[in-house]
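Engineer: Take a look and give me a structure for this.
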Amino acid sequence: MRRFSCLTLFVLSSLLVFVIGCGDDDPVTPPVGEKAVIGIMHDDSTHVSMTAILEGAGYEVTDLGLYEDCTLTDFSAFDLVFMLTGYEYGEVLPDTVQQGMLDFMSDGGTLVTTEWLTYSENNDLLRVVLPLAYNGDYCDDGESACIDTVTVDVDHALTRGVAATFTTPPDYTYSFMIVNDAATSTNVMNLMTGVTGGAMLGVGDLGEGHTIHWNNAGCYEGSDIWNDATTRILLNIADFAR
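Structural biologist: Numbering: from 1, shown residues only. Predicted coordinates for the structure are as follows:
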């Protein structure tokens, strides 16, 4: 409630009293919070265009190198870590690195994984927490053969500003996915669904942090994987992780 201080003016000739309200205690819009600090372990492909988009939006991004070469066990320097497994996939991370990622999420960090981590039977410590699971097929033909029509199912911070229905860009490839009912993370949900790809963006909670799986193989058959919708999803993820 706004409170008013009062200044009473006495006019001697007419004994009129005027009360003027002052807004000294008006609420002040809080400053925008600091942007997430981001690390990307990658498949030697998609991280280039992803980094350009994120840095263009003012985010600090650190290249953590090829995911299969990662030996980092402490990710606490970051708010958000991407593990991109599209162009290259199937490599095994040491259990110590996987456990470091789980600890990172439990302590409040956000980990984003992509398509092929669910396809591979490796990296079991990570796969059991993922909100989405592989459903037996995929489309990676490229040259517009994999264009999918995606519908946003849930109003969520990760879908803010994304068109209710959109088509994927020409080189966007994906697996067929479903919600991982066996996930050890909590509050698991799928936020958008493709006509062909099924579950396209899953999120769950792990401790104080979050696990996000994006059904996106990145630059697998080409580099045209960004449009207004996919770019908005990427920036929403970065904002969500603040």
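Engineer: C-alpha only now, for contacts and for neighbours.
Structural biologist: Will do.
Engineer: Quick check, residue 241 in contact with residue 82.
Structural biologist: No. Contact criterion CA atoms under 8 Å: residue 241 and residue 82 do not qualify, at 11.3 Å.
Engineer: helices or strands up against the host helix or strand of residue 178?
Structural biologist: Residue 178 belongs to strand 174-179 when elements are defined using DSSP states H and E. With contacts taken as 3 or more CA pairs under 8 Å, 6 or more residues apart in numbering; DSSP states H and E, strand 174-179 sits against strand 132-139, strand 186-190, strand 198-199.
Engineer: Next, the angle from that strand to strand 132-139.
Structural biologist: Put simply, strand 174-179 runs at 150 degrees to strand 132-139, going by axes from the mean of the first three to the mean of the last three CA atoms, to 10 degrees.
Engineer: so how far is strand 174-179 off the chain centroid?
Structural biologist: 17 Å (CA atoms, centre = their mean, to the nearest Å).
Engineer: Please name the residues that touch the residue lying closest to residue 187 once chain neighbours are set aside.
Structural biologist: Nearest residue to residue 187 in three dimensions, chain neighbours excluded: residue 204, at 5.3 Å (CA to CA, 6 or more residues apart in numbering). Residues near residue 204 by CA atoms under 8 Å, 6 or more residues apart in numbering: 130, 131, 185, 186, 187, 188, 189, 210, 211, 212.
Engineer: Specify the beta-bridge partners of the last one.
Structural biologist: If I follow you right, that is residue 212. Beta-bridge pairing for residue 212 (DSSP bridges): residue 112, residue 203.
Engineer: In contact with it: list those residues for me.
Structural biologist: Taking CA under 8 Å, 6+ apart, we find residue 212 in contact with 110, 111, 112, 113, 130, 131, 201, 202, 203, 204.
Engineer: Next, format the residues you listed as a markdown table and append distance to residue 167.
Structural biologist: Output for the contacts of residue 212, formatted as a markdown table (distance: CA to CA, whole Å):
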| residue | distance to residue 167 |
| --- | --- |
| 110 | 26 |
| 111 | 25 |
| 112 | 22 |
| 113 | 21 |
| 130 | 25 |
| 131 | 23 |
| 201 | 14 |
| 202 | 18 |
| 203 | 21 |
| 204 | 25 |
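Engineer: Mind checking which of these are buried?
Structural biologist: 110, 111, 112, 113, 130, 131, 201, 202, 203, 204 (16 or more other CA atoms under 10 Å).
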